[in-house]
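# Dropping a prediction and its sequence here:
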Amino acid sequence: MIFGILWKLRKKNFFNGFIFLLYVVLYSSIRIFVENFRADKLTYLGDLSAAQTMGVAAIAVSIVIILVLSRREKIIKAH
C-alpha cells in the first residue's frame with residue numbers, strides 16, 4: 001500500500017526529500033497501528049509501546065520537516 005502511494009507520487013514536482021519523509025510518516029502510522037495487536041510489547045507512558053512512541057516521534061519530526069522545507073521552497077520560488 002505504501003509503495004503504491006509513493007510510486008504514484010514519484011513524478012510530481014515536490015521538493016527533494018518529500019517522498020522519503022512521506023514514507024516515514026506512512027510507515028510510522030502503520031507501525032503504530034500494528035503494534036496494537038502484539039502480545040509481547042514493551043509498554044510505558046500509559047498504554048503506548050516503545051515502537052508506538054518512536055512512531056509518533058518520527059511522524060512529528062517528519063511533518064515539521066515537510067512544513068519547513070515546503071515553506072522554504074515557496075520562498076525560493078517567489079524570489
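Alright, I've got the coordinates.

# I'd like the distance between the residue positioned nearest the centre of the chain and Asp47.
Centroid-nearest residue in the chain: Val25, 1.3 Å away (criterion: C-alpha atoms, centre = their mean). Noted for Val25: a distance of 22 Å to Asp47, by C-beta to C-beta, to the nearest Å. Any C-beta I mention is one placed from the backbone N, CA and C, and that applies to glycine too.

# May I have the secondary structure class of the residue nearest to the centre of the chain?
Classification of Val25 using DSSP: H, G, I helix; E, B strand; the rest coil returns helix.

# Can you check what pLDDT the model gives it?
Listed pLDDT for Val25 reads 97.

# Mind giving me the packing neighbours of the helix or strand of the chain with the lowest mean pLDDT?
Taking mean pLDDT, DSSP states H and E as the measure, the helices and strands of the chain show their lowest mean at strand 43-44, namely a mean of 73. Counting contacts by 3 or more C-beta pairs under 8 Å, 6 or more residues apart in numbering; DSSP states H and E, strand 43-44 packs against no other helix or strand.

# Give the next helix or strand downstream of that strand.
strand 48-49 (DSSP states H and E).

# Please state the offset of that next one from the chain centre?
Relative to its chain's centre, strand 48-49 lies at 18 Å (C-alpha atoms, centre = their mean, to the nearest Å).

# Any chance you could list what contacts it?
Glu35, Arg38, Lys41, Leu42, Thr43, Val56 (C-beta atoms under 8 Å, 6 or more residues apart in numbering).
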